[in-house]
Each structure stands twice: as structure tokens, then as C-alpha cells.
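*Asks:* sequence? don't have it. structure:
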């Protein structure tokens, strides 16, 4: 059973941040999961949503006094330059995790390259989610740019490409034919537009495999013993997200899932120990 730290360990430290990842590595995980968007000037940066979210980042000051684009929070990342994105504070405490999360004030939104530099010396895998949706006219640019950064740090062999927008999986199959590609899915994305044109009525696992997936990662409410067995029959590993309750963790272990994504890797390690 793989322990996958969700955006680092966001129950403990602010998500998708270098110091948060560093502490997660000290805690111990098999996989660091993270999210990648692309700035207006073509730099892959880490943030969960396509727009800067006010519950995870806060404006501090414009990168120049007369910048008409300020404030930046709430704006799509692909409309902002790296210089603009770098001004926001990504170390604020998320209200959802107020009782358990230690803030890291003054922390910048990192580039993918900065995270790769941190991770490269460590024995850990990267699960890199590409943040697109079916409205994007193309997915090749963001996927290829992320893969180029991973390759520059020698991490393509230790990286998986994840996406809800399954078109990304087809691009990743061309770029990294020997790598793992993870089909993310939740009830709201069970439609052909998200699934690279594949019909979910023909079977979720079959559709994921046809789209280029080597692994399938459903939201926890979708995972059943039957789904796990169907995936294993086709040679696909099953990654369950996001599980924070120890009793639920034990359930998915019993189902035979291959990995659990959690905001609390410490809880999962303890549950596995039991």
C-alpha cells in the first residue's frame, strides 16, 4: 500500500509549498502528490485550481506599484506572469484544517523546478496533476512543459502524470511511453468530455485504459471491491483519494486498493501499522 501525501500533507502544512513538502519528506511518504498550472509566460507553478484560491493564498503587494492586474487572488494563473504569482503568500492557514495545520507565513507559490530541486535527492515518487479541463483548446503545451522540467532534473522515471481531463493521458503516453499515467475521476467528471471522448457507460476501467491510463484514481465514494477487482483484471492499479479517516483507510486496504491519497500521511502510516 503506497502512502501518497496529498499536496504534501495539507492537513499539517500549507499545500503545494516547498517547506510543506520538505516537512512531508521528513514525515515519510512513498509519493508526493502536487498540482501544476502554467503562467502567462510559460512557467509551470504549483496551485490546486486554475485560478488563485483565496482559501490557500493571499495577496501581499503588486510586483510593481502601478500593476493594473493587482489584486491577483481570484485570477486565472494562465493570465498572470511568474513575477505576479510569486508575490502572493501561499503559507496561510486553510480554515478547513485550522485545528491541525501549521501555517508557514511568507511562503511563495513554488515553480515545478523548485520542487524538483527539493525532491531529486530523495527516494520518493512524484504524482503530477496537470490542471486543465475540457474547455482548454489544447493540453499539449502544459503537459510537455511539465515533462520537460521533470526530465531536466532526471525525475521522469520517478514521476506519474495525473489528470481529470483524460486528454492529458494521451499526450503523456506519447511523451513518456514507459511512464505511469493516472486517470483521475469523480462523479462530476463521469462524462465523455472529461474522459477524452470515451463513454463511461462502457465501463469506467475500460474507458480509462482506452484513454491511456495505467492507473485509475477515483474519489473515495466511488471505490468498491468490484471496481478494484475490475481494474486489477486489466492490470491497472487503484489509487483512492482523499482519505483522512483511519476507519476508512482500513476499509480501502481491505478492498485491495494499491494506494491511498491522504492529507494526513501520519494517520495512514499508523493505520497500516495496525
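*Replies:* Yep, it's here. The structure displayed is predicted, hence computed values, not measured ones.
*Asks:* Let me see the confidence value for residue 201.
*Replies:* On pLDDT, residue 201 comes in at 87.
*Asks:* if I look at it, how far off is residue 222?
*Replies:* 15 Å (C-beta to C-beta, to the nearest Å). To be clear about C-beta, it is placed using only N, CA and C from the backbone, and glycine gets the same treatment.
*Asks:* of these two, who's got more company?
*Replies:* residue 222 (16 against 9; other C-beta atoms under 10 Å).
*Asks:* now the more buried one: how far from residue 4?
*Replies:* For residue 222, the distance to residue 4 - C-beta to C-beta - is 17 Å.
*Asks:* can you check residue 162 too?
*Replies:* Relative to residue 4, and taking C-beta to C-beta, residue 162 is found at 10 Å.
*Asks:* Which one's more surrounded, those two?
*Replies:* residue 162 (29 against 25).
*Asks:* Residue 37: which element?
*Replies:* In the assignment (DSSP states H and E), residue 37 maps to strand 31-38.
*Asks:* In terms of secondary structure, what does the following helix or strand past that strand contact?
*Replies:* Scanning forward in sequence from strand 31-38 by DSSP H and E, the next helix or strand is strand 44-46. Packing partners of strand 44-46 (3 or more C-beta pairs under 8 Å, 6 or more residues apart in numbering; DSSP states H and E): strand 31-38, helix 112-119, helix 140-152.
*Asks:* so of the ones you listed, which one's packed in deepest?
*Replies:* strand 31-38 (a mean of 24; mean count of other C-beta atoms under 10 Å).
*Asks:* Strands along the protein, start to end?
*Replies:* 2-5, 31-38, 44-46, 125-130, 159-163, 180-185, 215-218, 237-240, 259-262 (DSSP state E).
*Asks:* Dump those strands into CSV; add distance to residue 24 as well.
*Replies:* Output for the strands of the chain, formatted as CSV (distance: least, C-beta to C-beta, whole Å):
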stretch, distance to residue 24
strand 2-5, 5
strand 31-38, 6
strand 44-46, 13
strand 125-130, 12
strand 159-163, 16
strand 180-185, 19
strand 215-218, 19
strand 237-240, 17
strand 259-262, 11
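*Asks:* Of all those, which one is nearest residue 97?
*Replies:* For those, the distance to residue 97 is smallest for strand 259-262, at 12.5 Å, taking C-beta to C-beta.
*Asks:* and that closest one, which strands flank it?
*Replies:* strand 2-5 (parallel), strand 237-240 (parallel) (DSSP bridges).
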